[in-house]
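J.: Here is the input, now give the coordinates:
(one chain, ligands or ions: 1)
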Amino acid sequence: LAQCNNKSLTTVEGLGKIDSLHKIQESFKNNHGLQCGFCTPGILFSALELSSKKNIKKEKDIRDFLDGNLCRCTGYHNIIKAIKNYLKEKDI
Ligand code: FES
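T.: A predicted model of the protein is given here:
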């Protein structure tokens, strides 16, 4: 928390609104990529960071990028699908 001093911080509540979701949230919703309240925000922000990278060519690139998000309950299939869809819509 001390490292955030004098910096701005966006939480998932600031990402989109219930009636105007962020595109990454829309993609997770449309692809049933939703997990628990701990996992979903972390994965959403990881996906946004990933979308700023170049050279994301393969599903393995997405899976490798998400390896710090450890969910105990999922196979990640729909999450990967949601991120792929988002990247495709962004034309990355
Ligand atoms: Fe959060 Fe699995 S959905 S721990």
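J.: Contact distance from the ligand - what residues of this protein qualify?
T.: By Cβ under 6 Å from any ligand atom, the residues of the chain that approach the ligand are Q35, C36, F38, C39, C71, R72, C73, T74. The way it works is simple: take the backbone N, C-alpha and C, and place the C-beta from them, glycine included.
J.: ok, 8 Å please
T.: The chain comes close to the ligand at residues Q35, C36, G37, F38, C39, T40, L70, C71, R72, C73, T74, as judged by Cβ under 8 Å from any ligand atom.
J.: Need phi/psi at the residue sitting nearest the centre point of the chain.
T.: Note on the chain: the residue nearest the mean C-alpha position is L44, at 2.3 Å, using Cα atoms, centre = their mean. Backbone torsions of L44, given as degrees, to the nearest 10, read phi -60, psi -50.
J.: Report the buried members of the residues of the chain next to the ligand.
T.: Applying 16 or more other Cβ atoms under 10 Å to the residues of the chain next to the ligand, the neighbour count classes Q35, C39, T40, C71 as buried.
J.: which stretches of the protein have low pLDDT?
T.: Along the chain, the model assigns pLDDT under 70 to residues 92.
J.: these two touch, right, C36 and T74?
T.: No. When contacts are counted by Cβ atoms under 8 Å, C36 is not listed as touching T74 (9.1 Å).
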